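Q: Sequence and predicted structure, then a few things I'm wondering about:
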Amino acid sequence: MRYNTSVSDSLSDQLLDWYDVHAREMPWRVSPADRQAGIAPDPYRVWMSEVMLQQTTVATVRDYFRRFTDRWPAISDLAAAEDADVMGEWAGLGYYARARNLLKCARAVVSDHDGLFPADHAALLKLPGIGPYTAAAIASIAFDQPFAVLDGNVERVMARLHNIHTPLPDAKPALMEKAQMLTPRVRPGDYAQAVMDLGATICTPRSPACGICPWREPCVARAEGTAPELPKKTPKKPKPVRHGTVFIGRRADGAWLLETRPDKGLLGGMLGWPGSDWVDSALPLPEVPPPCAGDWQVRAGEVRHTFTHFHLILHVLKADLPADAAPDRGRFVLPGDFRPSDLPTVMRKALDLSE
(Lines give C-alpha, C1' and ligand atoms only; values in the text may rest on other atoms or scores of the structure.)
Protein backbone atom coordinates (compact mmCIF):
# COMPACT_ATOMS: atom_id res chain seq x y z
CA MET A 1 0.00 0.00 0.00
CA ARG A 2 1.29 3.47 -0.90
CA TYR A 3 -0.61 6.49 0.39
CA ASN A 4 -0.98 9.75 -1.48
CA THR A 5 -0.43 13.01 0.38
CA SER A 6 -4.06 13.53 1.36
CA VAL A 7 -4.37 10.01 2.78
CA SER A 8 -1.09 10.37 4.69
CA ASP A 9 -2.28 13.68 6.15
CA SER A 10 -5.56 12.06 7.17
CA LEU A 11 -3.74 9.23 8.96
CA SER A 12 -1.38 11.58 10.78
CA ASP A 13 -4.35 13.78 11.79
CA GLN A 14 -6.15 10.73 13.20
CA LEU A 15 -3.13 9.76 15.23
CA LEU A 16 -2.56 13.29 16.52
CA ASP A 17 -6.19 13.50 17.62
CA TRP A 18 -5.68 10.25 19.55
CA TYR A 19 -2.40 11.51 21.03
CA ASP A 20 -3.99 14.75 22.24
CA VAL A 21 -6.20 12.63 24.50
CA HIS A 22 -3.98 9.65 25.33
CA ALA A 23 -0.39 10.96 25.41
CA ARG A 24 1.68 9.36 28.15
CA GLU A 25 3.05 11.68 30.83
CA MET A 26 6.85 11.64 30.85
CA PRO A 27 9.22 13.76 32.98
CA TRP A 28 11.04 14.79 29.80
CA ARG A 29 7.97 15.44 27.65
CA VAL A 30 5.99 18.61 26.96
CA SER A 31 2.31 17.69 26.82
CA PRO A 32 0.39 18.28 23.56
CA ALA A 33 -1.66 21.03 25.21
CA ASP A 34 1.41 22.84 26.55
CA ARG A 35 3.18 22.47 23.24
CA GLN A 36 0.25 23.94 21.34
CA ALA A 37 0.23 26.77 23.89
CA GLY A 38 3.75 27.66 22.79
CA ILE A 39 5.88 25.82 25.38
CA ALA A 40 8.82 24.33 23.49
CA PRO A 41 10.61 21.13 24.58
CA ASP A 42 14.09 21.53 26.06
CA PRO A 43 16.56 19.92 23.60
CA TYR A 44 18.80 18.97 26.54
CA ARG A 45 16.04 16.94 28.18
CA VAL A 46 14.95 15.42 24.87
CA TRP A 47 18.52 14.35 24.12
CA MET A 48 19.15 12.90 27.57
CA SER A 49 15.91 10.94 27.57
CA GLU A 50 16.60 9.49 24.13
CA VAL A 51 20.11 8.39 25.10
CA MET A 52 18.83 6.79 28.30
CA LEU A 53 15.94 5.06 26.53
CA GLN A 54 18.15 3.25 24.04
CA GLN A 55 17.66 -0.46 24.83
CA THR A 56 16.14 0.47 28.22
CA THR A 57 12.52 0.64 29.36
CA VAL A 58 10.63 3.82 30.20
CA ALA A 59 9.92 2.50 33.71
CA THR A 60 13.65 2.10 34.38
CA VAL A 61 14.64 5.44 32.86
CA ARG A 62 12.21 7.69 34.76
CA ASP A 63 14.12 7.73 38.07
CA TYR A 64 17.53 7.98 36.38
CA PHE A 65 16.34 10.90 34.29
CA ARG A 66 15.00 12.74 37.33
CA ARG A 67 18.25 12.20 39.28
CA PHE A 68 20.39 13.39 36.38
CA THR A 69 18.35 16.50 35.68
CA ASP A 70 18.03 17.36 39.38
CA ARG A 71 21.81 17.12 39.79
CA TRP A 72 22.73 18.61 36.41
CA PRO A 73 19.74 20.76 35.33
CA ALA A 74 21.49 22.29 32.30
CA ILE A 75 23.89 20.90 29.75
CA SER A 76 26.60 23.24 31.06
CA ASP A 77 26.25 21.60 34.48
CA LEU A 78 26.66 18.14 32.97
CA ALA A 79 29.64 19.23 30.87
CA ALA A 80 31.41 20.46 34.00
CA ALA A 81 30.69 17.30 36.02
CA GLU A 82 33.37 14.87 37.12
CA ASP A 83 33.47 11.72 34.99
CA ALA A 84 33.30 9.49 38.07
CA ASP A 85 30.18 11.27 39.36
CA VAL A 86 28.35 10.78 36.07
CA MET A 87 29.42 7.15 35.76
CA GLY A 88 28.30 6.57 39.35
CA GLU A 89 24.83 8.01 38.69
CA TRP A 90 24.59 5.92 35.52
CA ALA A 91 25.46 2.66 37.32
CA GLY A 92 22.76 0.05 36.83
CA LEU A 93 21.38 1.62 33.65
CA GLY A 94 23.67 -0.50 31.47
CA TYR A 95 25.33 0.03 28.08
CA TYR A 96 27.96 2.22 29.71
CA ALA A 97 29.38 3.59 26.46
CA ARG A 98 26.23 5.75 26.45
CA ALA A 99 27.36 7.45 29.67
CA ARG A 100 30.82 8.16 28.27
CA ASN A 101 29.28 9.59 25.10
CA LEU A 102 26.82 11.60 27.20
CA LEU A 103 29.73 13.50 28.73
CA LYS A 104 31.57 13.87 25.42
CA CYS A 105 28.45 15.21 23.73
CA ALA A 106 27.65 17.66 26.55
CA ARG A 107 31.18 19.04 26.43
CA ALA A 108 31.07 19.31 22.64
CA VAL A 109 27.78 21.23 22.75
CA VAL A 110 29.20 23.64 25.34
CA SER A 111 32.57 24.14 23.64
CA ASP A 112 31.47 24.13 20.00
CA HIS A 113 27.86 25.38 20.09
CA ASP A 114 27.79 27.84 23.01
CA GLY A 115 25.83 25.39 25.13
CA LEU A 116 22.92 25.11 22.69
CA PHE A 117 22.02 22.01 20.71
CA PRO A 118 22.14 22.77 16.98
CA ALA A 119 18.76 22.64 15.28
CA ASP A 120 20.40 21.38 12.10
CA HIS A 121 20.05 17.62 11.58
CA ALA A 122 23.46 17.30 9.90
CA ALA A 123 25.13 19.18 12.77
CA LEU A 124 23.45 16.91 15.31
CA LEU A 125 24.92 13.87 13.55
CA LYS A 126 28.43 15.24 14.10
CA LEU A 127 28.07 15.29 17.89
CA PRO A 128 29.63 12.41 19.90
CA GLY A 129 27.29 9.50 20.48
CA ILE A 130 24.49 10.85 18.29
CA GLY A 131 23.54 8.51 15.45
CA PRO A 132 20.72 8.65 12.91
CA TYR A 133 17.99 7.65 15.38
CA THR A 134 18.93 10.15 18.11
CA ALA A 135 19.52 12.95 15.59
CA ALA A 136 16.07 12.37 14.10
CA ALA A 137 14.48 12.28 17.55
CA ILE A 138 16.06 15.57 18.63
CA ALA A 139 15.31 17.29 15.31
CA SER A 140 11.72 16.11 15.41
CA ILE A 141 10.74 16.33 19.08
CA ALA A 142 12.86 19.32 20.15
CA PHE A 143 12.80 21.37 16.95
CA ASP A 144 9.57 20.18 15.25
CA GLN A 145 11.29 19.13 12.03
CA PRO A 146 9.71 16.38 9.87
CA PHE A 147 12.18 13.55 10.50
CA ALA A 148 10.80 10.06 11.05
CA VAL A 149 11.87 8.48 14.34
CA LEU A 150 12.17 4.70 13.93
CA ASP A 151 12.43 2.87 17.24
CA GLY A 152 11.19 -0.65 17.99
CA ASN A 153 7.66 0.56 18.66
CA VAL A 154 7.47 2.45 15.37
CA GLU A 155 8.92 -0.51 13.47
CA ARG A 156 6.14 -2.70 14.85
CA VAL A 157 3.41 -0.18 13.98
CA MET A 158 4.71 0.31 10.42
CA ALA A 159 5.14 -3.43 9.83
CA ARG A 160 1.54 -4.08 10.86
CA LEU A 161 -0.01 -1.04 9.22
CA HIS A 162 1.53 -2.07 5.87
CA ASN A 163 1.64 -5.86 6.50
CA ILE A 164 5.38 -6.06 5.85
CA HIS A 165 6.67 -9.61 6.37
CA THR A 166 10.35 -9.07 5.56
CA PRO A 167 12.24 -9.98 8.76
CA LEU A 168 14.14 -7.38 10.74
CA PRO A 169 16.76 -6.05 10.39
CA ASP A 170 16.41 -6.38 6.58
CA ALA A 171 13.02 -4.65 6.76
CA LYS A 172 14.40 -1.43 8.28
CA PRO A 173 14.77 0.55 5.02
CA ALA A 174 11.19 -0.24 3.96
CA LEU A 175 9.86 0.57 7.42
CA MET A 176 11.76 3.87 7.47
CA GLU A 177 10.32 4.77 4.07
CA LYS A 178 6.78 4.13 5.34
CA ALA A 179 7.43 6.04 8.56
CA GLN A 180 8.85 9.05 6.73
CA MET A 181 5.98 9.06 4.25
CA LEU A 182 3.47 9.40 7.10
CA THR A 183 5.40 12.06 9.03
CA PRO A 184 3.46 15.33 8.72
CA ARG A 185 4.84 18.81 8.19
CA VAL A 186 2.55 20.10 10.94
CA ARG A 187 3.35 18.94 14.51
CA PRO A 188 5.98 16.36 13.47
CA GLY A 189 7.39 16.27 17.02
CA ASP A 190 4.06 15.37 18.56
CA TYR A 191 3.44 12.91 15.74
CA ALA A 192 6.77 11.13 16.39
CA GLN A 193 5.86 10.68 20.05
CA ALA A 194 2.34 9.63 19.11
CA VAL A 195 3.57 6.72 16.98
CA MET A 196 5.88 5.60 19.76
CA ASP A 197 3.03 5.80 22.28
CA LEU A 198 0.76 3.87 19.93
CA GLY A 199 3.28 1.04 19.75
CA ALA A 200 3.94 1.07 23.49
CA THR A 201 0.30 1.09 24.63
CA ILE A 202 -1.97 -0.19 21.82
CA CYS A 203 0.06 -1.91 19.09
CA THR A 204 1.95 -4.01 21.62
CA PRO A 205 4.13 -7.02 20.77
CA ARG A 206 1.59 -9.51 22.14
CA SER A 207 -2.20 -9.18 22.06
CA PRO A 208 -2.40 -5.78 20.33
CA ALA A 209 -5.57 -3.85 21.24
CA CYS A 210 -6.73 -3.46 17.64
CA GLY A 211 -10.31 -2.67 18.68
CA ILE A 212 -9.34 0.70 20.18
CA CYS A 213 -6.53 1.60 17.76
CA PRO A 214 -7.00 4.87 15.85
CA TRP A 215 -5.48 3.16 12.80
CA ARG A 216 -7.53 -0.04 12.96
CA GLU A 217 -9.35 0.64 9.66
CA PRO A 218 -6.31 1.24 7.41
CA CYS A 219 -4.19 -1.46 9.14
CA VAL A 220 -3.58 -4.21 6.57
CA ALA A 221 -2.24 -6.72 9.10
CA ARG A 222 -5.37 -6.38 11.22
CA ALA A 223 -7.53 -7.05 8.17
CA GLU A 224 -5.38 -10.03 7.17
CA GLY A 225 -5.16 -11.42 10.71
CA THR A 226 -1.35 -11.27 10.70
CA ALA A 227 -0.79 -8.48 13.26
CA PRO A 228 0.33 -10.73 16.16
CA GLU A 229 3.13 -12.28 14.07
CA LEU A 230 4.62 -8.94 12.93
CA PRO A 231 7.24 -7.69 12.77
CA LYS A 232 9.14 -10.81 11.87
CA LYS A 233 12.74 -11.08 13.01
CA THR A 234 15.72 -13.04 11.82
CA PRO A 235 16.50 -15.68 14.50
CA LYS A 236 19.31 -14.65 16.79
CA LYS A 237 22.38 -16.79 17.27
CA PRO A 238 22.79 -18.25 20.77
CA LYS A 239 24.85 -16.03 23.06
CA PRO A 240 28.27 -17.41 24.02
CA VAL A 241 29.19 -17.88 27.68
CA ARG A 242 32.31 -16.32 29.19
CA HIS A 243 33.74 -16.62 32.67
CA GLY A 244 36.27 -14.89 34.93
CA THR A 245 37.29 -14.07 38.50
CA VAL A 246 36.93 -11.00 40.71
CA PHE A 247 38.65 -10.19 44.00
CA ILE A 248 36.75 -8.33 46.73
CA GLY A 249 39.09 -7.03 49.41
CA ARG A 250 38.41 -4.81 52.40
CA ARG A 251 40.67 -3.31 55.04
CA ALA A 252 39.88 -3.19 58.76
CA ASP A 253 38.95 0.51 58.43
CA GLY A 254 36.24 -0.44 55.95
CA ALA A 255 38.05 0.73 52.82
CA TRP A 256 37.31 -1.32 49.69
CA LEU A 257 39.90 -2.33 47.10
CA LEU A 258 38.53 -1.03 43.81
CA GLU A 259 39.78 -0.08 40.39
CA THR A 260 38.49 2.10 37.57
CA ARG A 261 38.15 0.07 34.40
CA PRO A 262 39.83 1.35 31.21
CA ASP A 263 37.80 3.89 29.27
CA LYS A 264 37.53 1.63 26.26
CA GLY A 265 35.75 -1.70 26.38
CA LEU A 266 32.86 -3.13 28.34
CA LEU A 267 32.02 -1.21 31.54
CA GLY A 268 34.62 1.36 30.47
CA GLY A 269 35.31 4.07 33.02
CA MET A 270 33.26 2.33 35.72
CA LEU A 271 34.35 1.36 39.22
CA GLY A 272 34.77 -2.37 39.71
CA TRP A 273 36.58 -5.14 41.52
CA PRO A 274 40.02 -6.15 40.27
CA GLY A 275 39.89 -9.44 38.42
CA SER A 276 40.76 -11.51 35.38
CA ASP A 277 39.87 -11.17 31.74
CA TRP A 278 36.55 -12.72 30.70
CA VAL A 279 37.17 -15.67 28.39
CA ASP A 280 35.09 -18.24 26.57
CA SER A 281 33.75 -20.91 28.88
CA ALA A 282 35.40 -23.57 26.70
CA LEU A 283 38.79 -22.23 27.87
CA PRO A 284 40.31 -22.74 31.32
CA LEU A 285 39.50 -20.14 33.96
CA PRO A 286 42.11 -17.39 33.54
CA GLU A 287 44.92 -17.48 36.07
CA VAL A 288 45.47 -14.07 37.59
CA PRO A 289 47.34 -13.20 40.79
CA PRO A 290 45.35 -11.49 43.55
CA PRO A 291 45.63 -7.70 43.47
CA CYS A 292 46.98 -7.63 47.01
CA ALA A 293 48.58 -10.07 49.43
CA GLY A 294 45.96 -11.62 51.71
CA ASP A 295 44.03 -14.72 52.71
CA TRP A 296 41.73 -14.93 49.69
CA GLN A 297 38.84 -17.33 50.06
CA VAL A 298 36.58 -18.59 47.28
CA ARG A 299 32.96 -17.71 47.94
CA ALA A 300 30.34 -20.37 47.35
CA GLY A 301 28.22 -19.86 44.28
CA GLU A 302 28.80 -17.76 41.19
CA VAL A 303 27.65 -14.52 39.65
CA ARG A 304 25.61 -14.81 36.46
CA HIS A 305 24.96 -11.78 34.30
CA THR A 306 23.88 -11.25 30.71
CA PHE A 307 25.27 -8.56 28.44
CA THR A 308 24.10 -7.73 24.94
CA HIS A 309 26.35 -10.23 23.20
CA PHE A 310 27.22 -12.85 25.83
CA HIS A 311 26.42 -14.43 29.19
CA LEU A 312 29.00 -14.01 31.97
CA ILE A 313 29.83 -16.25 34.93
CA LEU A 314 32.08 -14.76 37.63
CA HIS A 315 33.80 -16.57 40.48
CA VAL A 316 34.33 -14.43 43.58
CA LEU A 317 37.23 -14.43 46.04
CA LYS A 318 37.15 -12.33 49.19
CA ALA A 319 39.74 -11.31 51.77
CA ASP A 320 39.99 -9.16 54.88
CA LEU A 321 43.15 -7.13 54.30
CA PRO A 322 45.61 -5.67 56.83
CA ALA A 323 45.87 -1.93 57.51
CA ASP A 324 49.25 -1.74 55.73
CA ALA A 325 48.11 -3.64 52.63
CA ALA A 326 49.83 -2.41 49.46
CA PRO A 327 47.85 -3.44 46.38
CA ASP A 328 49.47 -4.19 43.05
CA ARG A 329 46.21 -3.23 41.32
CA GLY A 330 43.51 -0.76 42.20
CA ARG A 331 43.22 1.58 45.16
CA PHE A 332 41.50 1.62 48.54
CA VAL A 333 38.34 3.71 48.74
CA LEU A 334 36.97 4.67 52.16
CA PRO A 335 33.30 3.94 52.94
CA GLY A 336 32.40 7.64 52.91
CA ASP A 337 33.68 7.94 49.34
CA PHE A 338 31.96 4.85 47.99
CA ARG A 339 28.37 3.76 47.43
CA PRO A 340 27.62 0.22 46.25
CA SER A 341 25.11 1.84 43.91
CA ASP A 342 28.07 3.40 42.06
CA LEU A 343 28.98 -0.07 40.80
CA PRO A 344 27.64 -1.56 37.58
CA THR A 345 25.06 -4.27 38.14
CA VAL A 346 27.40 -7.22 37.61
CA MET A 347 29.84 -5.85 40.20
CA ARG A 348 27.02 -5.29 42.70
CA LYS A 349 26.02 -8.92 42.21
CA ALA A 350 29.58 -9.94 43.08
CA LEU A 351 29.45 -7.83 46.24
CA ASP A 352 26.14 -9.41 47.24
CA LEU A 353 27.61 -12.89 46.77
CA SER A 354 30.64 -12.03 48.94
CA GLU A 355 28.57 -10.96 51.93
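A: All right, it came through fine.

Q: Could you list the buried residues of the longest helix seen in the chain?
A: What stands out as the longest helix in the chain, according to DSSP state H, is helix 5-22. Under the neighbour-count criterion of 16 or more other Cβ atoms under 10 Å, helix 5-22 has 11-12, 15-16, 18-19 buried. No exception for glycine: its C-beta is placed from N, CA and C like everyone else's.

Q: Stretch 295-304 too?
A: Applying a neighbour-count criterion of 16+ other Cβ under 10 Å, the buried positions in stretch 295-304 are 296, 299, 303.

Q: Now, those that are in helices?
A: Those of these lying in helices (DSSP H): none at all.

Q: so which strand or helix has residue 166?
A: Assigning secondary structure by DSSP states H and E places residue 166 outside every helix and strand.

Q: for the closest residue to it other than its chain neighbours, phi and psi?
A: Nearest-residue entry for residue 166: residue 174, 6.4 Å, with adjacent residues in sequence omitted and distances by Cβ to Cβ, 6 or more residues apart in numbering. Backbone geometry at residue 174, expressed as degrees, to the nearest 10, gives phi -70, psi -40.

Q: the strands in the chain, which residues?
A: For the chain, the strands defined by DSSP state E cover 241-251, 256-260, 271-272, 279-280, 297-298, 303-306, 311-321, 331-333.

Q: in its sheet, what does the fifth one sit against?
A: Neighbouring strands of strand 297-298 in its sheet, by DSSP bridges, are strand 311-321 (antiparallel).

Q: What residues of the partner strand count as buried?
A: By neighbour count on 16+ other Cβ under 10 Å, the buried set for strand 311-321 is 312, 314-319, 321.

Q: How is this protein partitioned into domains?
A: What the record gives for the chain is the domain set 5-229, 241-354, from automatic domain parsing.

Q: pLDDT-wise, which helix or strand of this protein ranks last?
A: In the chain, the helix or strand scored least confidently by mean pLDDT, DSSP states H and E is helix 5-22, which has a mean of 87.

Q: centre of the chain versus that helix, how much separation?
A: Relative to its chain's centre, helix 5-22 lies at 29 Å (Cα atoms, centre = their mean, to the nearest Å).

Q: Against which helices or strands is the longest helix of the chain packed?
A: Helices and strands touching helix 5-22, by 3 or more Cβ pairs under 8 Å, 6 or more residues apart in numbering; DSSP states H and E, are helix 32-36, helix 172-182, helix 188-201.

Q: so where's the stretch 1-150 of the chain uncertain?
A: Counting by pLDDT under 70, the stretch 1-150 of the chain shows low-confidence ranges at 1-8.

Q: So residue 78 is in contact with residue 106, correct?
A: Yes: here residue 78 lies in contact with residue 106, judged by Cβ atoms under 8 Å, at a distance of 4.3 Å.

Q: TSV please, covering the domains of the chain and showing distance to residue 235.
A: Listed next are these as TSV, based on distance: least, Cβ to Cβ, whole Å:
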stretch	distance to residue 235
domain 5-229	9
domain 241-354	16
